[in-house]
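Engineer: just to be clear, the model below is a prediction. Sequence and coordinates:
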Number of protein chains: 2
Amino acid sequence: MALVVCKFGGTSVGGTERLRAVAQRLVDRKLSGDRVVAVVSAMGDVTDELVALAQDVTHDPPEREMDMLLATGEQVTIALLAMAIHALGHKAISFTGPQVGIVTDSGHTKAKIQEVRADCVNDALDAGMIVIVAGFQGVTPDGQITTLGRGGSDTTAIAVAAGIGADVCEILTDVDGIYTADPRVVSVARKLDVVSYEEMLEMAATGAKVLQLRAVEFARNHGVVIHCRSSFNDMPGTIVREVDGSMEQAIISGVTHDTSEAKVTIRDVPDLPGVAAIVFARMADANVNVDMIVQNVSEQGMTDISFTTPKEDLVRAKHAAAEVVSELGARHWFVDESIAKVSLVGAGMKTHPGMAAKMFRTLADADVNLDMISTSSIRVSCVIDGDQVERAVRALHTSFGLDEDAVKAETSPAFLEGA
Amino acid sequence: MALVVCKFGGTSVGGTERLRAVAQRLVDRKLSGDRVVAVVSAMGDVTDELVALAQDVTHDPPEREMDMLLATGEQVTIALLAMAIHALGHKAISFTGPQVGIVTDSGHTKAKIQEVRADCVNDALDAGMIVIVAGFQGVTPDGQITTLGRGGSDTTAIAVAAGIGADVCEILTDVDGIYTADPRVVSVARKLDVVSYEEMLEMAATGAKVLQLRAVEFARNHGVVIHCRSSFNDMPGTIVREVDGSMEQAIISGVTHDTSEAKVTIRDVPDLPGVAAIVFARMADANVNVDMIVQNVSEQGMTDISFTTPKEDLVRAKHAAAEVVSELGARHWFVDESIAKVSLVGAGMKTHPGMAAKMFRTLADADVNLDMISTSSIRVSCVIDGDQVERAVRALHTSFGLDEDAVKAETSPAFLEGA
């Protein structure tokens, strides 16, 4: 008998027909002997519809009231899901984020979880019920309703799993696990059986969309085992957990890519101490998230500073760049929105030098030009031309032996042994 | 400076355009120097849509989950209304029923308010805010979300008004007050300036739909002055309050009618002690609400028992009647769904005998046949044929001097002096 938290996203609960399927799945799980907690998002496009309703009232809604509004989306889902389970003849009870004791700070629309008081969940489980919890929402210590922002429902699920000491937190979506690359780009991409938190964090940070970075961080910090699997079938997915250092690991776990960033370059900045500090202080003041940074020393005591930033921050980044240019007496600034980032992630890199060199050689052989490079101990990322990203991903996937056919040719591939 | 609670129903907040109008009205009220609390219902048909969604999942939803679902309707309204006020440049804060401390019993879908802990309302008012409270919902002492059932938002408004000691609770709807009769039936009906709680209770119980019986009872028990007025203009409406006995009152305040009931008759019941007790015990067991009861002694030791009941209880009433017939050895039972009830209500009846006789004479002159009669100290009700109800209401309205023209002919009509 396991204690499991199952999180279903908006697509999986989009419509009453799908809700009934989720209810059946939870009942089957209960009948198999497990204690079952479900965390659910708002149905389908409900959150977008609520945002549109608010925009119809005002273009600048107060964040506290936005949370009051958005929290209704998940509340509808939990009530209907509990009803659907009752209709199958089983006991279920729904709880809002505030009811279940998801205590957050007061950062409305992007609150951080501080504590989970899950007593009512344990009581309901003891009473033989399937427990349904609203994702994405919480409550401040003084009773204000908050929402958790992007990736909030995954974070709720992991926080509840941590709070009740669940054996596993299943994240059920429309994909059946974590792949060595995006299967839409690489047809021979393989599902991974196990990845470490560390690798998953790098993959999520560099473009893998199945799990939100923030949820993985929460899971790592609280030792929650994640099982990322399909909501449409019972096949095992990908386990994300602490991987024992004594286990032989794959050198490379996957190739990720990301086309959601743009590159900002400030040309001919005086090459003096403190210049970079000024540039990025201005960006931080303007609430611009900065990912990769490259500074080149150019001729005559001048330098170029380039950085990547999410396209959604670009309007603010342009304003800040214009100010920086005039403040520092730089020549000018420009933006390239057609870039892509391709990354190689693998815990085995730590103990296998030469992976970066092999990556650059592979990209060169594929006639892909490198624009920026950044590395961590288990990742190498390159900014390239957006037009070349699919070619780059496929070349790396093949070159590092990740293609499905290559794996089948081996008898016992090391990177499957962790499962 | 007054402390006012303003309650807006679903029609008044149906759509963002109307919400903006309500926001403007509240801001104007605030600018006039009042401390303002608004209580609002779900927008337009939202509650019906949520019920339909639940019915799509199961025909027998658990009541606790129904409350979880329905409570979202008002939560959407309060958030949007607070946003609309912010958009006008004023401070507002929304609270759900649980947040504002509307503590109820655990009678899900029809919970009764036990206590109002309105501290957060007072704090927000002190901070210069317009306070928006979700109607229709509350919370049990152990944190379960409840809804208050029919008339719930009016009851919330009056409970909040009682809790904060408001000077008046305004109920704003699409009609501009309480009339001497339904203006759709009697074109010369007049708006009343003042009615007593006692009269309003009788009028609400006999067909006046502007205020729910339950809300008026709550107001009377807590001494809350109600101002029933239009949400579309600033004209004064009707005040419902304790009327000083020393004041000269109108003999008759109004004529009400109700076509929502049916009559059930059980024929040839043995005329023995305890028979009526058995009949109505069975009805109570079957959760059938009974309004008027008439028992006629008929020939040979047999009697007929007739009663009226809301048509929505009729299916259960028929089942119970069939059982009663076989249990008591009665001859048979039948139902008349085409009845109507017409009532004359007036506090002055207490001190003016002969009103009932005058009513019966008026109806006889109008060729209206009486089927059942019931009276209280300030009301006479007659069950008549449904086809004759409009004729009956008009005849009584004229006969008792309530027509607008008749009033204008007098210089200082007694029943306007209470205003």
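Structural biologist: Structure's in. What do you need?
Engineer: over to the closest residue to A:Ala330 other than its chain neighbours. Which of the three states is it?
Structural biologist: Nearest in space to A:Ala330, with sequence neighbours left out and distances taken as Cβ to Cβ, 6 or more residues apart in numbering or on different chains, is A:Val269 at 4.4 Å. (Each C-beta comes from the backbone N, C-alpha and C, glycine too.) Under the three-state scheme (DSSP: H, G, I helix; E, B strand; the rest coil), A:Val269 adopts strand.
Engineer: which residues touch A:Val269?
Structural biologist: A:Val275, A:Val279, A:Met302, A:Thr303, A:Asp304, A:Ile305, A:Leu328, A:Ala330 (Cβ atoms under 8 Å, 6 or more residues apart in numbering or on different chains).
Engineer: name the helix or strand for A:Ser187, please.
Structural biologist: Assigned by DSSP states H and E, A:Ser187 falls within no helix or strand.
Engineer: no wait, A:Ala277
Structural biologist: Assigned by DSSP H and E, A:Ala277 falls in helix A:275-285.
Engineer: do the same with A:Ser306
Structural biologist: Residue-wise, A:Ser306 maps onto strand A:302-310 under DSSP H and E.
Engineer: in whichever helix or strand comes after that strand, what counts as buried?
Structural biologist: Per DSSP H and E, the first helix or strand lying C-terminal to strand A:302-310 is helix A:314-328. Buried residues in helix A:314-328, counted by 16 or more other Cβ atoms under 10 Å in any protein chain shown: A:Leu314, A:Arg316, A:Ala317, A:Lys318, A:Ala320, A:Ala321, A:Val324, A:Val325, A:Leu328.
Engineer: other SSEs contacting helix A:314-328?
Structural biologist: strand A:261-270, helix A:275-285, strand A:332-336 (3 or more Cβ pairs under 8 Å, 6 or more residues apart in numbering or on different chains; DSSP states H and E).
Engineer: for stretch A:46-61, buried residues please.
Structural biologist: Result for stretch A:46-61 [16+ other Cβ under 10 Å]: buried residues A:Val46, A:Thr47, A:Leu50, A:Val51, A:Leu53, A:Ala54, A:Val57, A:Thr58, A:Pro61.
Engineer: what's the answer for stretch A:161-175, then?
Structural biologist: Buried residues in stretch A:161-175 (16+ other Cβ under 10 Å): A:Ala161, A:Ala162, A:Gly163, A:Ile164, A:Ala166, A:Val168, A:Cys169, A:Glu170, A:Ile171, A:Leu172, A:Thr173, A:Val175.
Engineer: could you export the residues you listed as JSON lines, including pLDDT?
Structural biologist: As requested, the buried residues of stretch A:161-175 are exported to JSON lines (pLDDT from 0 to 100):
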{"residue": "A:Ala161", "pLDDT": "97"}
{"residue": "A:Ala162", "pLDDT": "96"}
{"residue": "A:Gly163", "pLDDT": "95"}
{"residue": "A:Ile164", "pLDDT": "96"}
{"residue": "A:Ala166", "pLDDT": "97"}
{"residue": "A:Val168", "pLDDT": "98"}
{"residue": "A:Cys169", "pLDDT": "98"}
{"residue": "A:Glu170", "pLDDT": "97"}
{"residue": "A:Ile171", "pLDDT": "96"}
{"residue": "A:Leu172", "pLDDT": "95"}
{"residue": "A:Thr173", "pLDDT": "90"}
{"residue": "A:Val175", "pLDDT": "88"}
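Engineer: so how far is the longest helix along chain A from its chain's centroid?
Structural biologist: The residue-count maximum for a helix in chain A (DSSP state H) belongs to helix A:63-87. The chain centre lies 23 Å from the centre of helix A:63-87; the measure is Cα atoms, centre = their mean, to the nearest Å.
Engineer: do the same with stretch A:197-204
Structural biologist: Offset of stretch A:197-204 from its chain centre (Cα atoms, centre = their mean): 9 Å.
Engineer: please apply the same query to stretch A:17-33.
Structural biologist: 26 Å.
Engineer: what are the contacting residues of it?
Structural biologist: Outside stretch A:17-33, the residues touching it (Cβ under 8 Å, 6+ apart) are A:1-2, A:4, A:6, A:8, A:11-13, A:36, A:38, A:40, A:43, A:77, A:80-81, A:84-85, A:87-88, A:90, A:92, A:130, A:231, B:57.
Engineer: give the buried residues for it.
Structural biologist: For stretch A:17-33, a neighbour-count test (16+ other Cβ under 10 Å) marks A:Arg18, A:Leu19, A:Arg20, A:Ala21, A:Val22, A:Ala23, A:Arg25, A:Leu26, A:Val27, A:Arg29, A:Lys30 as buried.
Engineer: what pLDDT is listed against A:Phe299?
Structural biologist: Phe isn't right for residue A:299; it's Glu. Here, the pLDDT recorded for A:Glu299 equals 72.
Engineer: so how far is A:Val275 from it?
Structural biologist: 16 Å (Cβ to Cβ, to the nearest Å).
Engineer: and those two? which has more neighbours close in?
Structural biologist: Neighbours were counted for A:Glu299 and for A:Val275 using other Cβ atoms under 10 Å in any protein chain shown; A:Val275 has more, 18 against 8.
Engineer: residues contacting that one?
Structural biologist: Per Cβ under 8 Å, 6+ apart, neighbours of A:Val275: A:Val269, A:Thr303, A:Ile305, A:Leu328.
Engineer: turn the residues you listed into CSV, including pLDDT.
Structural biologist: Output for the contacts of A:Val275, formatted as CSV (pLDDT from 0 to 100):
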residue, pLDDT
A:Val269, 88
A:Thr303, 85
A:Ile305, 90
A:Leu328, 90
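Engineer: any idea how far A:Ala276 is from the residue positioned nearest the centre of chain A?
Structural biologist: Centroid-nearest residue in chain A: A:Gln212, 1.7 Å away (criterion: Cα atoms, centre = their mean). Per Cβ to Cβ, A:Gln212 is found 30 Å from A:Ala276.
Engineer: do A:Arg394 as well
Structural biologist: For A:Arg394 relative to A:Ala276 (Cβ to Cβ), the value is 35 Å.
Engineer: near chain B, which residues of chain A show up?
Structural biologist: Taking Cβ under 8 Å from any Cβ of the partner chain as the criterion, chain A approaches chain B at residues A:16, A:19-20, A:50, A:53-54, A:56-58, A:60-62, A:64-66, A:68-69, A:71-72, A:75-76, A:78-80, A:82-84, A:86-87, A:93-94, A:96, A:98-99, A:120, A:143, A:145.
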